[in-house]
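Asker: turn this into a structure:
(one chain, ligands or ions: 1)
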Amino acid sequence: LKLVVLISGRGSNLKAILEAIDAGELPAVVSAVISNRVDAPGLACASERAIDTLVLDAADYPDREAYDHALQGMIDLFKPGLVVLAGFMRILSPAFVHHYSGRLINIHPSLLPELRGLDTHRRALEAGHTEHGASVHFVTEELDGGPVIAQVRLPVLPDDNADTLEQRVLEQEHRLYVTVIQWIAEGRVSLEDDGLHFDGEVL
Ligand code: GRF
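Answerer: Numbering: from 1, shown residues only. Alright, predicted model coming up:
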């Protein structure tokens, strides 16, 4: 399976994907990593492996549609089977999302549909949640609202703060994202007109 991975920052999920590929655990190749920020630390783990890295700065485009159109053109040069959002901190326009329907996934640090949006760990604590986690979903027009493929769930501990909680969730994200990409590579999960399919069953 050919992947293009989009990042904005740290890139720890990207790194987990690359390490799983290096270890022969994931039947995929990362064809390119694209960032909207030139200073994204995560770009290093791609360039270390001689993977193409590209930067597309929103300041160079008049509006979201123009940016997303350029981004789409760049992604499609690599003809990926799957576009992986890994901490890509931009909202994507409907035209972009439709173009990649069923081929665009995101990881979000909450138990969706709980806590869409930013700052999920602090909000989980403030809301007194006893469980928290992360979700991988197909991306649709609705922000953090597409069909959930899989989740990891973990208890919120009495002395957790936003940082400790984030750290524990992040470790699980890395395993979760690799697992879901593996399922997609094996053709076990897909998004069809009638919804999410898993091992031949419509969920
Ligand atoms: C992760 O928490 C992910 O769930 C969210 O953005 C963060 C990206 O972290 N979408 P990293 O750049 O992969 O380390």
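Asker: taking the protein, what residue is nearest to the ligand?
Answerer: In the chain, the residue that lies nearest the ligand is G87 (2.7 Å; C-beta to the nearest ligand atom). Bear in mind the C-beta positions are built from the backbone N, C-alpha and C, glycine included.
Asker: roughly how far does that residue sit from S12?
Answerer: 8 Å (C-beta to C-beta, to the nearest Å).
Asker: what is in contact with the two at once?
Answerer: G42 (C-beta atoms under 8 Å, 6 or more residues apart in numbering).
Asker: more neighbours: which of these two?
Answerer: Each of G87 and S12 has its neighbours counted (other C-beta atoms under 10 Å); G87 has more, 21 against 18.
Asker: and this structure, which residues reach the ligand?
Answerer: 7, 9-13, 42, 86-87, 107-109, 134, 170, 173 (C-beta under 6 Å from any ligand atom).
Asker: at 8 Å instead, please
Answerer: Counting by C-beta under 8 Å from any ligand atom, the positions of the chain adjacent to the ligand are 7-16, 42, 85-89, 106-109, 134, 166, 169-170, 173.
Asker: over to the residue of the chain closest to the ligand. Which of the three states is it?
Answerer: Following DSSP: H, G, I helix; E, B strand; the rest coil, the label given to G87 is coil.
Asker: ok now do it, which residues does it touch?
Answerer: G87 neighbours (C-beta under 8 Å, 6+ apart): I7, S8, G9, R10, G11, S12, N13, L14, G42.
Asker: ok, which stretches of the protein are helices?
Answerer: 12-22, 43-47, 64-76, 94-99, 120-126, 162-185 (DSSP state H).
Asker: so what are the sheet partners of the lowest-mean-pLDDT helix or strand in the chain and their directions?
Answerer: When each helix and strand of the chain is scored by mean pLDDT, DSSP states H and E, strand 201-202 comes last, with a mean of 91. Sheet neighbours of strand 201-202, with direction, are listed as strand 195-198 (antiparallel) (DSSP bridges).
Asker: which outside residues touch the partner strand?
Answerer: F138, P147, I149, R188, V189, S190, L191, V202, L203.
Asker: tell me the one among those nearest to G24.
Answerer: Minimum distance to G24 across the contacts of strand 195-198 is 18.8 Å, recorded for R188 (C-beta to C-beta).
Asker: residues contacting the closest one?
Answerer: Contacts of R188 by C-beta under 8 Å, 6+ apart are F198, D199.
Asker: same check, this time on the one 4 residues further on
Answerer: With contacts defined as C-beta under 8 Å, 6+ apart, E192 is in contact with G102, V202.
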